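pasting the sequence and the predicted model now:
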Amino acid sequence: WPAAFGILGCLAVYLAGKTLYNKSTGFYAAIILGTSVLYFAMSQLIILDMTFSVLMSSALLCFVVGQREAAGARQRNLFYAFYALIALAVMTKGILAIMLPGAIIFLWFALLNQWEKLRRIYLVSGIIIVLTIALPWHLLVSSRHHEWFDFYIIHEHFQRYLSDGSHRTQPFWFFIAVLLVGLLPWICFLPKALKTVFQGGWKSRKEHSEIWFFLIWAAFALLFFSVSKSKLIPYIIPVFPPLALIIGRFWTVNEESAHPSPHTWGYRVNGIVFLIIALGLYIAAPIQQQSGKLNENFSPWVLPSSLIIGMIGVQWLWRARKNRRPGIWPLAIGAAGLAVLANPLMALFQPPSIKPIVTQLQRELKTADLVFSYEEYFHDLPLYLGKTVGVVDAIHEEQSFGLEWEDHTDRYMKMNSFRGVWRNKTTRTFAVMKKKEVTRFQQHIKANAYEVFSDVNFSIFSNTSLDKP
C-alpha cells in the first residue's frame, strides 16, 4: 500500500502541474517527486506516513486547482474532493490533517490578501463532508473507550508535539538536514528554481499565486515539524510534493526560455555526491557485516551497487563537462537507477529477519511452553510462532498506554519478576534476544540458562535443556 500511494502521489502532482501550467511541468514534477531519495524510500516502508502525506497533499492540490477553476460543477467537485481527502487523512493519522492544511490555506489567503476567495470554497457543505466521513468512527471509539480521547487527542497530538516525552527529540535543524539529503538529486536545483519562478517578487505574488501557495505549503510544513519536540524522518514527506512542483516548473520555464540557464553546477554536485555514496557504501558494508547488521543474503549486492552508483556519478560529471545544458533525463534516469537499487541496499539499514531462528524453535515448541523476547519487542515473533509472546525489560511507548488500563503483568515483565517464571522448571520457558544481549541476559537471569538455538544475529535460551534424539 505505501508504494501504491507513492505512485498516486506522483499522479496527483502530475495532474496538478498539467492543469495549472502544462504537461511538461506536471511530468517533470512527477519524475522529480518519484525519484527523490526519501520519497521513494518511504514508499517502501509499511508505515502510515506515506498514505497520510499523499491524502493530505492531494487534498491541497485539489484546493489550489479548484481556486483556479471558474465557478461551476468542476470547481465544486474539486472542493468536495478536497474535503473528502482531508477526512480520509484524518482517519489515517488524526486531526493534523485539518490543522496543517488549514494553516497553509489561511497563510495563503492572508499573505496574498485574497479573503474574497473564501466564499468560493463551499465551506459549509465541506464541513458536512468531513464530519460525515470522519466523525462516526471517532464518536464510536470514544463511547466505548472513555480514556481514548485523552490519549488520542491530547497525548498523541498536543503533548507529543509540545513535549519530549516520546524521546524523539532532535535539534531544530534536523528536518533541514533530512531535506537536503532526501531531495537528492534535485535539491541542487532548488535555489535557482526559487529565483526563477519567483521573478517579480512580492509585488507580483497575485499573478503567481499558485507558486506562492506551494512555497507557503513547503515552508510552513518544514517550520511546523521543525518546532515540534517529537521528530521522526517520515514526518517531512508532505514537504516534497510542493517542492517537486516548484522545481518542475523551473525546468519547464528554463527549457522554454530563449536563453536557458545551464544545469552543469547541479550535475557536478550530484556527481560528486554519488561518488561519495558509492565509496561510503563500499566501506560501510564490511563494517555492518562484522557487527551483524547486514543481512548476509544481500552481501553480494554491495560491490555491484557501489560500482553502479559510482558510474552514475561519473556519467553526470562527464555530462556537466561535455554539455553546457544537459537536460533533465540523464539526471532522472540516474536517480531512477538508484531507486531500483534501493530495495536490496536498504538491507544495510534494516534489522535482519528473526524468521530463520524462530523456524528452528517452532519445531520444538509445545502448546504449554512460554516464549518471551528480551530487551526488545520483536514484532514478527508472534506472527511466525502463531502464539502470544511475553516481553522482558522492553516496554515501548506505544504499549505503555494500554498497560496503564489493562493488567498484563503476566506478559510484560521486569527481570526481577521474570526470574520467578524462569526458575519454575515445570513450565518450559524460552527467551529470544539479539546476540549482543546474551552476556547481559546471562548475568541478570541468575539461574541456569541453556542456549538452544543460535545464529549470527539472534540467540534463544531455555530454562531447561532440550532432549537430544
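Structure's in. What do you need? Residues are numbered from 1 along each chain as shown.

okay, now Thr359: neighbour count?
A total of 12 residues lie near Thr359 under the criterion other CB atoms under 10 Å. Where C-beta positions appear, they are placed from N, C-alpha and C, glycine not excepted.

can you find the helix or strand of this protein with the lowest average pLDDT?
Lowest on mean pLDDT, DSSP states H and E among the helices and strands of the chain sits helix 397-405, with a mean of 61.

following that helix, which helix or strand comes up?
Using DSSP states H and E, the next helix or strand after helix 397-405 towards the C-terminus is strand 412-413.

in its sheet, which strands sit next to that following strand, and in what direction?
In the sheet, strand 412-413 lines up against strand 390-392 (parallel) (DSSP bridges).

who touches the strand it pairs with?
With CB atoms under 8 Å, 6 or more residues apart in numbering as the test, strand 390-392 has contacts from 370-375, 377, 410-415, 418, 431.

so, low pLDDT: which residues of the stretch 151-300 of the chain?
In the predicted model of the stretch 151-300 of the chain, residues 165-167, 197, 258-262, 285-300 satisfy pLDDT under 70.

just so I have it, where are all the helices in it?
160-162, 174-182, 190-197, 209-227, 240-256, 264-290 (DSSP state H, counting those that start in this stretch).

winner for burial among the ones you listed?
Mean neighbour count (mean count of other CB atoms under 10 Å) peaks for helix 240-256 among these, with a mean of 24.

next, give phi and psi for Leu112.
Per-residue torsions, Leu112: phi -100, psi 0 (degrees, to the nearest 10).

can you report how many residues lie near it?
Applying other CB under 10 Å, we find 16 residues neighbouring Leu112.

next one: Met50
Each residue near Met50 was counted by other CB under 10 Å, and the total is 26.

A strand includes Phe461, no?
Yes - Phe461: assigned to a strand according to DSSP: H, G, I helix; E, B strand; the rest coil.

isn't it right up against Phe430?
Yes - the criterion here is CB atoms under 8 Å, and Phe461 meets it with Phe430 at 7.0 Å.

picking that back up, quick one, which of the helices of the stretch 151-300 of the chain is nearest to Val124?
helix 209-227 (23.0 Å; CB to CB).

and the angle for the closest one with helix 174-182?
120 degrees (axes from the mean of the first three to the mean of the last three CA atoms, to 10 degrees).

tell me what helix 209-227 is packed against?
Packing contacts for helix 209-227, counted by 3 or more CB pairs under 8 Å, 6 or more residues apart in numbering; DSSP states H and E, involve helix 49-68, helix 96-112, helix 174-182, helix 240-256.

any residues in contact with both of Phe461 and Phe430?
With CB under 8 Å, 6+ apart as the test, Phe461 and Phe430 both reach Val452.

strands of the stretch 251-400 of the chain, start to end?
Taking DSSP state E, counting those that start in this stretch, the strands of the stretch 251-400 of the chain run over residues 370-374, 390-392.

can I get the helices and strands packed on helix 209-227 in JSON lines with distance to His208?
Supplementary listing: the helices and strands packed on helix 209-227 in JSON lines, determined by distance: least, CB to CB, whole Å:
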{"stretch": "helix 49-68", "distance to His208": "12"}
{"stretch": "helix 96-112", "distance to His208": "10"}
{"stretch": "helix 174-182", "distance to His208": "23"}
{"stretch": "helix 240-256", "distance to His208": "10"}
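
and the ones you listed: which comes nearest Arg363?
helix 49-68 (37.6 Å).

which positions in the closest one come out as buried?
Judged by neighbour count using 16 or more other CB atoms under 10 Å, the buried positions of helix 49-68 are 49-67.

try stretch 434-450
Under 16+ other CB under 10 Å, the buried positions of stretch 434-450 are Lys434, Glu437, Val438, Phe441, His444, Ile445, Ala449.

quote the end-to-end distance of that stretch.
Terminal residues of stretch 434-450 lie 15 Å apart, using CA to CA, to the nearest Å.

next one: Arg168 from Trp115, what distance?
From Arg168 across to Trp115, the span is 38 Å (CB to CB, to the nearest Å).

next one: Leu61
From Leu61 over to Trp115 the distance is 22 Å, taken as CB to CB.

so who does Ala218 touch?
Going by CB under 8 Å, 6+ apart, Ala218 touches Val239, Pro242, Leu243, Ile246.

wait, which of those is closest to Gln362?
Of all the contacts of Ala218, Gln362 sits closest to Val239, with 44.2 Å by CB to CB.

so which of the strands of the stretch 251-400 of the chain gets nearest Met99?
strand 390-392 (34.3 Å).

off-centre distance for that closest one?
Offset of strand 390-392 from its chain centre (CA atoms, centre = their mean, to the nearest Å): 28 Å.

and what of stretch 43-52?
Taking CA atoms, centre = their mean, one finds the center of stretch 43-52 at 6 Å from the center of the full chain.

got the contact list for Gly126?
By CB under 8 Å, 6+ apart, Gly126 lies in contact with Phe79, Tyr80, Phe82, Tyr83.

in those, which residue is surrounded by the most others?
Of all those, Phe82 has the most neighbours under the rule other CB under 10 Å, reaching 26 neighbours.

pLDDT score for it?
The model reports Phe82 with a pLDDT of 94.

repeat that for Val65.
Looking at Val65, its pLDDT stands at 92.

number of nearby residues for the nearest residue to it once chain neighbours are set aside?
Leaving aside its sequence neighbours, Val65 sits nearest to Thr19 (CB to CB, 6 or more residues apart in numbering; 5.2 Å). Taking other CB under 10 Å as the criterion, the count of residues near Thr19 is 17.
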